[in-house]
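>>> Kindly return the folded structure for what I paste below:
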Amino acid sequence: PGHTAHVHLQMQEMADDSLPLRNLEAHDYHKGYLTLLSQLTTVGEITEQRFLDRFNEINNSSDYKIVVIEDLGCGRIIATATLAVERKFVHECGKVGHIEDVVVDSTYRGKRLGQRLITALVDAAKQMGCYKVILDCAEHNTAFYEKCGLSRKEVQMVKYLS
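Numbers count the residues shown, from 1 in each chain. Now for the predicted structure:
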């Protein structure tokens, strides 16, 4: 049994070598980052300059972290997720981590890449001093997030402003 676990760990490490998880970088514009996001929701037309302006704004904030997984074999971003930290007065001026924009390229699903993203952002939220992490998801994704250690709580409400 120990040998099997060791072999599985080695296989996971090999997979991680060719599919590293890292922070979003400016040149990811050319590696399909926005195309990947379009598998999740509407992105719209974003020029490279507009991308770089928003990237710099986010990158200069201590309240955001965007992680990606790149397939080094093809140089494409194949998974991403964002952590946005909300500063509060409640819980002794506590912080809440909001996980947003979680997407794994449709051709890479089932490889535990989403779990790697969530684990990385939960760990980052702890390091950033958050007392909890929350996210909204579609009903059909709840089992996935429960596997990642999150639990169902309350109801999401929304009003779109444009």
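>>> Tell me the backbone dihedrals of D123, please.
In terms of degrees, to the nearest 10, the main-chain angles of D123 are phi -60, psi -40.
>>> Tell me which residue is most central in this structure.
A81 (1.5 Å; C-alpha atoms, centre = their mean).
>>> check which helix or strand covers that one.
Using DSSP states H and E, A81 sits within strand 76-87.
>>> coming back round to it: wait, isn't the residue nearest to the centre of the chain in contact with V67?
Yes. Using C-beta atoms under 8 Å, A81 makes contact with V67 at a distance of 5.8 Å. Backbone N, C-alpha and C define where each C-beta goes, glycine included.
>>> any residues in contact with both of these two?
Here A81 and V67 have L117, A120, L121 as joint contacts, going by C-beta atoms under 8 Å, 6 or more residues apart in numbering.
>>> Quick check: the gap between the second one and G44.
The span separating A120 from G44 equals 27 Å under the rule C-beta to C-beta, to the nearest Å.
>>> repeat for T119
Distance, T119 to G44, using C-beta to C-beta: 30 Å.
>>> And those two? Which one has more around it.
Applying other C-beta atoms under 10 Å to T119 and G44 shows that T119 carries more neighbours, namely 14 against 8.
>>> and the next element down the chain from the helix or strand of the chain with the lowest mean pLDDT?
Least confident helix or strand, the chain: helix 2-18 with a mean of 50, by mean pLDDT, DSSP states H and E. The helix or strand immediately downstream of helix 2-18 is strand 21-23, counting by DSSP H and E.
>>> For stretch 79-99, buried residues please.
Buried residues in stretch 79-99, counted by 16 or more other C-beta atoms under 10 Å: A79, T80, A81, T82, L83, A84, V85, K95, V96, G97, H98, I99.
>>> What lies in contact with that stretch?
Residues outside stretch 79-99 that contact it (C-beta under 8 Å, 6+ apart) are 24, 33, 36-37, 62-69, 100-105, 108, 113-114, 116-118, 120-122, 124-125, 128-135.
>>> again, only using 7 Å
Around stretch 79-99, the neighbours that count as contacts under C-beta atoms under 7 Å, 6 or more residues apart in numbering are 33, 36, 63-69, 100-105, 108, 113-114, 117-118, 121, 124-125, 128-135.
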